[in-house]
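Undergrad: sequence-free structure coming up:
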């Protein structure tokens, strides 16, 4: 299996065991699984031993962007999923992701559908999830893959509908790294750059993971302190003239009120 799960572990999340259990329970077995951390502890070492996964340490701690980049550097396989420590991957995630790779020879990135977990329950429908679904279809127009720059960029022009933990990066994007000065939109910014490079984006519409929404996440903190609004404005500014970018950034901020700001 030419696939790695890399988990940027910060501290020891109470949900990390559930995440690791889901990775080890994939119907397609054989993926490399690596825990990567700048905050080593006995608890993380015990978990790595319990689940028979590698534990790599980097440092010093430099924020979420550095954690994600260090995790990518830990992968030894061609296709890499940054598995967020609070999330759960459904059993067919690897099987259907790699099937998309096999039927798309020029694939560079695969994204999947997902549901949200909020306060212990699964939320399959929300205003934000519906908006993201529309934005994805705007880019893919019913297809399972798009390779044209215009199509790849179009799905990102009205916001970021791509859930970072659902993304698997391929060899054509092996050198792609995240901006370490961003706190919230570092994935959106990376996908914009990836859209300008050769290769096809693939979309597996099945909901193959559960993304946890909680008050301690960096995204939630970024909404509270205004970092999300600032970074959204910067991203829209790279894609639109200034007046349109301001309108879109304001409209996007209104959606945070529902809590579906993953």
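TA: Received it, and whenever you're ready, just let me know what you need. As the structure is a prediction and not an experimental result, all values here were calculated from the model.
Undergrad: now stretch 142-161, how far from the centre of its chain.
TA: Relative to its chain's centre, stretch 142-161 lies at 16 Å (CA atoms, centre = their mean, to the nearest Å).
Undergrad: please apply the same query to stretch 231-241.
TA: 20 Å.
Undergrad: mind listing what's buried in it?
TA: 231, 232, 233, 235, 236, 239, 240 (16 or more other CB atoms under 10 Å). Heads up, the C-betas are built off the backbone N, CA and C, glycines and all.
Undergrad: in strands only, show me the residues you listed.
TA: Of the positions in the buried residues of stretch 231-241, not one sits in strands, assigned by DSSP state E.
Undergrad: quick check: residue 132 touching residue 166?
TA: No - using CB atoms under 8 Å, residue 132 is not in contact with residue 166, being 10.8 Å away.
Undergrad: any low-confidence regions in the stretch 101-250 of the chain?
TA: Within the stretch 101-250 of the chain, the stretches with pLDDT under 70 are 214-226.
Undergrad: if you go through it in chain order, where are the helices?
TA: Ranges of helices within the stretch 101-250 of the chain are 127-140, 149-154, 186-195, 218-225, 227-239, 242-254, based on DSSP state H, counting those that start in this stretch.
Undergrad: out of these, nearest to residue 11?
TA: For the helices of the stretch 101-250 of the chain, proximity to residue 11 was assessed by CB to CB; helix 218-225 is nearest, at 12.5 Å.
Undergrad: contacting residues around residue 4?
TA: 31, 32, 33, 34, 74, 75, 76, 77, 79, 80, 81 (CB atoms under 8 Å, 6 or more residues apart in numbering).
Undergrad: which one (most neighbours) among those residues?
TA: The most crowded member of the contacts of residue 4 is residue 81, carrying 29 neighbours; neighbours defined as other CB atoms under 10 Å.
Undergrad: report the beta-bridge partners for that one.
TA: Following DSSP bridges, residue 81 is listed with bridge partners residue 5, residue 168.
Undergrad: follow-up on the earlier one: export the buried residues of stretch 231-241 to TSV and tack on distance to residue 112?
TA: Formatted as TSV, those follow (distance: CB to CB, whole Å):
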residue	distance to residue 112
231	24
232	23
233	28
235	22
236	25
239	24
240	28
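Undergrad: ok, which pair from those is furthest apart?
TA: It's 231 and 240 that sit farthest apart of those, by CB to CB, at 15.0 Å.
Undergrad: looks like residue 198 contacts residue 107 (just checking).
TA: No - with contact defined as CB under 8 Å, residue 198 does not count as touching residue 107 (11.1 Å).
Undergrad: quick one: which of these two has more around it?
TA: Neighbour tally, residue 198 and residue 107, criterion other CB under 10 Å: the higher count belongs to residue 107, 22 against 10.
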